[in-house]
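Q: Quick one: sequence plus predicted model below, questions after.
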Amino acid sequence: MFVFGNLILAIATILDSILSIYKWIIIIAALLSWVSPDPYNPIVRFLYAITEPALRPIRKIIGYRLGPIDISPIIVILIIIFIQMFLVGSLREFGFKIKGGALL
């Protein structure tokens, strides 16, 4: 069973890393939106293409802007933090229990 426990732990670690990277991408895209970057820049287009699918549903629910500030990146970051704490934490705990080791 230790192999399955290691697999669960590896999945949890990879998922945590991906969510952390995505959180930073959202932060960078939000900061870029403050300076009105060139929309034809390939980096800017990549950042918006990768963040808009997560931000668009939040904007539909709360409206595009709440006053002068777009809070959809903050909400998505909070969702990511929740997923990291709940799902990744649960996966890690489950992986350690399967291995029979002590929880960290």
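A: Received, thanks. No experiment lies behind these values; they were computed from the predicted model shown. Numbering: from 1, shown residues only.

Q: Give the other helices and strands that the lengthiest helix in the chain contacts.
A: Longest helix in the chain by number of residues (criterion: DSSP state H): helix 2-33. Where contact means 3 or more C-beta pairs under 8 Å, 6 or more residues apart in numbering; DSSP states H and E, helix 2-33 is packed against helix 42-62, helix 72-83, helix 89-99. Backbone N, C-alpha and C define where each C-beta goes, glycine included.

Q: so which of those helices gets nearest Thr13?
A: With C-beta to C-beta, the closest approach to Thr13 among the helices and strands packed on helix 2-33 belongs to helix 89-99: 8.1 Å.

Q: one step back: and the longest helix of the chain, how far out from the chain's middle?
A: With C-alpha atoms, centre = their mean, to the nearest Å as the basis, helix 2-33 stands 7 Å off its chain's centre.

Q: now do stretch 90-102
A: The answer for stretch 90-102 is 23 Å, by C-alpha atoms, centre = their mean.

Q: ok, and what's touching that stretch?
A: For stretch 90-102, contacts defined as C-beta atoms under 8 Å, 6 or more residues apart in numbering pick out 1-2, 4-9, 11-12, 15, 103-104.

Q: among the helices and strands packed on helix 2-33, which is nearest Lys23?
A: helix 72-83 (4.9 Å).

Q: which parts of that closest one are buried?
A: Using 16 or more other C-beta atoms under 10 Å as the test for burial, helix 72-83 gives Ser72, Pro73, Ile75, Val76, Ile77, Ile80.

Q: Ile27 is nearest to which of the helices and strands packed on helix 2-33?
A: That would be helix 72-83 among the helices and strands packed on helix 2-33, by C-beta to C-beta, at 7.2 Å.

Q: Remind me what that closest one packs against, helices and strands.
A: Counting by 3+ C-beta pairs under 8 Å, 6+ apart, helix 72-83 packs on helix 2-33, helix 42-62.
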